[in-house]
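> Only the shape, not the letters, is given here:
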Ligand SMILES: NC(=O)C1=CN([C@@H]2O[C@H](COP(=O)(O)OP(=O)(O)OC[C@H]3O[C@@H](n4cnc5c(N)ncnc54)[C@H](OP(=O)(O)O)[C@@H]3O)[C@@H](O)[C@H]2O)C=CC1
Ligand SMILES: Nc1c(N[C@@H]2O[C@H](COP(=O)(O)O)[C@@H](O)[C@H]2O)[nH]c(=O)[nH]c1=O
Ligand SMILES: [Zn+2]
């Protein structure tokens, strides 16, 4: 029975993967409804405010004229059905109305507005509920959402594209691409699932990047935030980055208050925020992440920056994951991704866990994460599952 449930849960998970760029700040969820061995309906979460996966799947069953089969079917969903009125009404109510008698849930929803209530509500209506499948996969896909709900902070993923000797650009400013086209397209998939892209004024002025999502069809573009203490980017309104739908320029709080700008002449897609500086005279990144993160329900932060911002994030212990592409070339003594004082001894770094290595044509992509934070998330979810299984 467990294998059968896992098999169909995997199909639900694979459906959710296809929509990973869409639902943010909602989690990315998939659902299949199975009668006997046949899928009679399926769906995945749409853009925030539109249908959740369960509703898509139930509507699919109705469209196929198979509603009468629901009472003898099992619904597989990768996240606990919601029991609260959010942007949409509770899925639990729709499931109860549908007549379905068996539901399998991959992971509980740690949103305090749900937190097991969805499952108990289904059970109190006589629905048989099983929980705890594909936990690591579903957590990984929604790591930012689970981090926001369980740890009260977003998940920060830093993308680095480097040569074999770990260099990210030439000192003379002449480098454009180090990694190949396929790796760069892959990078856009990661941009597309993020809530926000972080970059620094150094990168914006050196590269004039667009920092948008290309090569992935999406109606939802992430926000873009530029760390720019003195709002220098505003001196050049023609920068490519300003063509994004919403840009937040994060600068020094005192620079902002002294700054003679007229909100009326600032384009609508640009917001300015003021942040206090830390002991190094740099923007206090923890304050910034809290300010930007809470106001915008930020799940994943995707960082694409040079050594300035990367180093500050590293030193503040804020990097949760590295998305690191290597191209087989040696560039010599030029720009590195981090600029940290030399260490006195080799660190153990046993908190960093390499969890994915993928060859992308003639490049390699490594994914490395902070295993302490990852385990904290996984263990909290396992504990919730244990309580809900009892
Ligand atoms: N291959 C790759 O993966 C990438 C390579 N690059 C390369 O990196 C180089 C640019 O590097 P760099 O100039 O370091 O660029 P960054 O994008 O890291 O910007 C650094 C600047 O951000 C501002 N800033 C504001 N707050 C902070 C903070 N808390 N911590 C650190 N910086 C802060 C500072 O300027 P201020 O004080 O004025 O605000 C600082 O000089 C370019 O050559 C570019 O091509 C860039 C991205 C990716
Ligand atoms: N050089 C380099 C990268 N550089 C990153 O891409 C940014 C340009 O983004 P865009 O203008 O949107 O295409 C640039 O400023 C830097 O952040 N990325 C990679 O995948 N591989 C590479 O070799
Ligand atoms: Zn729902």
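Yep, that arrived. Given the structure is predicted, the values throughout are model-derived calculations rather than measurements. Ligands and ions are numbered 1, 2, ... in the order given.
> check contacts around the residue in the stretch 251-390 of the chain positioned nearest to ligand 2.
Per C-beta to the nearest ligand atom, residue 304 is where the stretch 251-390 of the chain lies closest to ligand 2, at 3.8 Å. (Each C-beta comes from the backbone N, C-alpha and C, glycine too.) When contacts are counted by C-beta atoms under 8 Å, 6 or more residues apart in numbering, residue 304 is found next to 159, 187, 191, 197, 198, 199, 203, 209, 211.
> Next one: it from ligand 1, what distance?
Look at residue 304 and ligand 1: by C-beta to the nearest ligand atom, to the nearest Å, they are 5 Å apart.
> likewise residue 134?
Remark: distance between residue 134 and ligand 1 (C-beta to the nearest ligand atom) = 32 Å.
> what pLDDT, on average, does stretch 265-284 get?
For stretch 265-284, mean pLDDT rounds to 91.
> hmm, that stretch in reach of ligand 1?
Yes. Contact between stretch 265-284 and ligand 1, assessed by C-beta under 6 Å from any ligand atom, occurs at 282, 283.
> Okay, helices next: where are they in the stretch 151-300 of the chain?
Assigned by DSSP state H, counting those that start in this stretch, the stretch 151-300 of the chain shows helices spanning 181-193, 201-207, 253-258, 285-296.
> Quick check: which of the ones you listed is nearest to residue 165?
The stretch from the helices of the stretch 151-300 of the chain with the least distance to residue 165 (C-beta to C-beta) is helix 181-193; that distance is 17.1 Å.
> any bit of the closest one sitting next to ligand 2?
Yes. Residues of helix 181-193 are located near ligand 2 by C-beta under 6 Å from any ligand atom, namely 183, 184, 187.
> Not counting sequence-adjacent ones, nearest residue to the residue most central in space within the chain?
Computing the C-alpha centroid of the chain and ranking residues by C-alpha atoms, centre = their mean puts residue 300 first, at 3.4 Å. When the adjacent residues along the chain are set aside, residue 300 lies closest to residue 144, with 3.4 Å between them (C-beta to C-beta, 6 or more residues apart in numbering).
> sec struct for the residue located most distally from the centre of the chain, please.
For the chain, the residue at maximal distance from the C-alpha centroid (C-alpha atoms, centre = their mean) is residue 68, at 37.9 Å. State at residue 68, reduced to three classes by DSSP: H, G, I helix; E, B strand; the rest coil: helix.
> circling back to that earlier point, counting neighbours, which of the contacts of residue 304 end up buried?
The neighbour-count criterion (16 or more other C-beta atoms under 10 Å) marks 159, 187, 191, 197, 198, 199, 203, 211 among the contacts of residue 304 as buried.
> Save these as TSV, and put in distance to residue 377 too.
As requested, those are exported to TSV (distance: C-beta to C-beta, whole Å):
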residue	distance to residue 377
159	21
187	24
191	22
197	23
198	21
199	26
203	30
211	28
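> Tell me how many other residues surround the residue in the stretch 151-300 of the chain positioned nearest to ligand 3.
For the stretch 151-300 of the chain and ligand 3, the shortest gap (C-beta to the ion) falls at residue 297, measuring 16.0 Å. Residue 297 is flanked by 14 other residues according to other C-beta atoms under 10 Å.
> Same question for residue 176.
Summarising burial for residue 176: neighbours were counted as other C-beta under 10 Å, giving 8.
> Next to ligand 1, which bits of the chain? Give me the list.
Taking C-beta under 6 Å from any ligand atom as the contact definition, the chain meets ligand 1 at 160-161, 168-169, 178, 199-203, 206-207, 227-230, 232, 282-283, 285, 304-309, 312, 335.
> one step back: among the contacts of residue 304, find me the one that's closest to residue 352.
Set against residue 352, the nearest of the contacts of residue 304 by C-beta to C-beta is residue 159 (16.2 Å).
> Near ligand 3, which residues of this protein? Just list them.
If contacts are counted using C-beta under 5 Å from the ion, the residues of the chain sitting beside ligand 3 are 52, 82, 91.
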